[in-house]
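*Asks:* one predicted model, sequence on top.
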Amino acid sequence: MSGNPAYAWMNGEIIPWEDAKVHVRTEGFMRGASVFEGIRAYASPDGRQLYVFKGAEHTDRLFHTSMKILRMQLTWTAEDLIHGMVQLLRANTFHADVHIRPQVYFGMGEDHGFDPARIEVGCVITAVERPAKPSLWNGIHVRVSSWRRIGDETMPPRVKAGANYLNSRYAMMEARLDGYDSAIFLNAHGKVAEGPGACVMIVRHGKVIAPPATAGVLESITKSTLVQLFRSELDVDVVEREIDRTELYVADEVFFCGTGYEVQPIVSVDRYTIGTGEPGSVVKRMQDLYFNIARGQNPKYSQWLRPVYPD
Ligand SMILES: Cc1ncc(COP(=O)(O)O)c(C=O)c1O
């Protein structure tokens, strides 16, 4: 197929993209019994180098949260997967921003489908170029979803499982059909949880406010990164507490953050204009700082980056 990269990584080997296949009877395919990560690699301004951003934190979440809770055991280690990603990006000779997708799935189980020690577990990594969209700078319009976020007592959002994203799909379908770009979920208690594929943060009275890890959310790596950077680099206070729906409407700024959405200003919620209706100054300062670090322009944070090509 044209437009696709040449290679994927599957079960320890770099293989042609077309050969990255699983059987229709795998549990991963039939019942969404898979876990995954979304990771970015950012190109340096001259395009010569590519940096995998916080790869170790992502594989750590994959192994020690998602796989652990689903009792998945894999032949390859976290370091094997990071090495596999670097090999894959090199093999595809990427020199622009890339989105990397490692997936760990339960394979053919038959009678042992629910016995984690006996069902096979596979791993595949794909990566595609993903340039930023203009809306990253202009902002997006979102609605509060009529669907509630899944919860820890039903489908734990802390586990980045394939099946969890059906909940996101309901919210996205509704939002798009109603003319919005995306959605914000409330949790079972009616408090703000997160977006279909990102965390939510608001700015009120000069402080950044984010829902806590117990709000029915994925434990976001971008959120931890931003919390650290707001405090240490931008001298902005961050508070983690419950957020009411109507606080979204009266916030000075609202934004998504996550590997996919990056640092995404939201300019209206349920057609209430946020702030001036343009991306606010706090989110814009964070975008500058974040992308500068991600593109290898700030040596203080070089430990967050894994270079793909030899210098
Ligand atoms: C549901 C959900 N919440 C939050 C996030 C943000 O997580 P991270 O910053 O680790 O990418 C994501 C995205 O990856 C997500 O899918």
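*Replies:* Structure received.
*Asks:* what does the chain have sitting close to the ligand?
*Replies:* Contact residues, the chain versus the ligand (C-beta under 6 Å from any ligand atom): 38, 194, 197-199, 217-218, 220-223, 258-260. Backbone N, C-alpha and C define where each C-beta goes, glycine included.
*Asks:* list the buried ones in stretch 268-282?
*Replies:* 268-269, 274-275, 279-280, 282 (16 or more other C-beta atoms under 10 Å).
*Asks:* tell me the one among the residues you listed nearest to Ile243.
*Replies:* The shortest approach to Ile243 among the buried residues of stretch 268-282 belongs to Val269, at 11.5 Å (C-beta to C-beta).
*Asks:* Val142 is in contact with the closest one, correct?
*Replies:* Yes. Using C-beta atoms under 8 Å, Val269 is in contact with Val142, at 5.6 Å.
*Asks:* which neighbours do these two have in common?
*Replies:* Ile184 (C-beta atoms under 8 Å, 6 or more residues apart in numbering).
*Asks:* show me the shaky parts of the stretch 201-311 of the chain.
*Replies:* Within the stretch 201-311 of the chain, no stretch has pLDDT under 70.
*Asks:* look up how far Pro211 lies from the residue lying farthest from the centre of the chain.
*Replies:* Most distant residue from the mean C-alpha position of the chain: Asp111, 33.8 Å away (C-alpha atoms, centre = their mean). Asp111 sits at a distance of 42 Å from Pro211 (criterion: C-beta to C-beta, to the nearest Å).
*Asks:* can you list the residues of the chain next to the ligand in JSON lines and add secondary structure and neighbour count?
*Replies:* Shown next, in JSON lines, are the residues of the chain next to the ligand (DSSP: H, G, I helix; E, B strand; the rest coil; neighbours: other C-beta atoms under 10 Å):
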{"residue": "Gly38", "secondary structure": "coil", "neighbour count": "17"}
{"residue": "Glu194", "secondary structure": "coil", "neighbour count": "27"}
{"residue": "Gly197", "secondary structure": "coil", "neighbour count": "18"}
{"residue": "Ala198", "secondary structure": "coil", "neighbour count": "26"}
{"residue": "Cys199", "secondary structure": "strand", "neighbour count": "24"}
{"residue": "Val217", "secondary structure": "coil", "neighbour count": "24"}
{"residue": "Leu218", "secondary structure": "coil", "neighbour count": "22"}
{"residue": "Ser220", "secondary structure": "coil", "neighbour count": "19"}
{"residue": "Ile221", "secondary structure": "helix", "neighbour count": "23"}
{"residue": "Thr222", "secondary structure": "helix", "neighbour count": "22"}
{"residue": "Lys223", "secondary structure": "helix", "neighbour count": "23"}
{"residue": "Gly258", "secondary structure": "strand", "neighbour count": "20"}
{"residue": "Thr259", "secondary structure": "coil", "neighbour count": "20"}
{"residue": "Gly260", "secondary structure": "coil", "neighbour count": "15"}
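*Asks:* which of the residues you listed lies closest to Glu57?
*Replies:* Ile221 (4.7 Å).
*Asks:* skipping its backbone neighbours, what lies nearest the closest one in space?
*Replies:* Glu57 (4.7 Å; C-beta to C-beta, 6 or more residues apart in numbering).
*Asks:* which SS state does that neighbour fall under?
*Replies:* Recorded secondary structure, Glu57: helix (DSSP: H, G, I helix; E, B strand; the rest coil).
*Asks:* now it: how far from Ile39?
*Replies:* 9 Å.
*Asks:* cool, Pro196 as well?
*Replies:* In terms of C-beta to C-beta, Pro196 sits 18 Å off from Ile39.
*Asks:* repeat that for Val208.
*Replies:* Counting by C-beta to C-beta, the gap from Val208 to Ile39 is 24 Å.
*Asks:* so which of these two has more stuff around it?
*Replies:* Between Val208 and Ile39, counted using other C-beta atoms under 10 Å, Ile39 has the larger neighbour count: 26 against 23.
*Asks:* bridge partners for the more buried one, pull those for me.
*Replies:* Ile100 (DSSP bridges).
*Asks:* parallel or antiparallel, list what pairs with the helix or strand hosting Gly122.
*Replies:* Following DSSP states H and E, one finds Gly122 within strand 121-129. Sheet pairing for strand 121-129, assigned by DSSP bridges, gives strand 7-10 (antiparallel), strand 98-106 (antiparallel).
*Asks:* now do the helix or strand just after that strand: everything it contacts.
*Replies:* The helix or strand immediately downstream of strand 121-129 is helix 135-138, counting by DSSP H and E. Residues from elsewhere that reach helix 135-138 (C-beta under 8 Å, 6+ apart): 181, 262-265, 267, 279, 287.
*Asks:* filter the residues you listed down to the buried ones and express that as a PyMOL selection.
*Replies:* Entered in PyMOL, the line below selects the buried ones among those, by 16+ other C-beta under 10 Å:
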select buried, resi 181+262+263+264+265+267+279+287
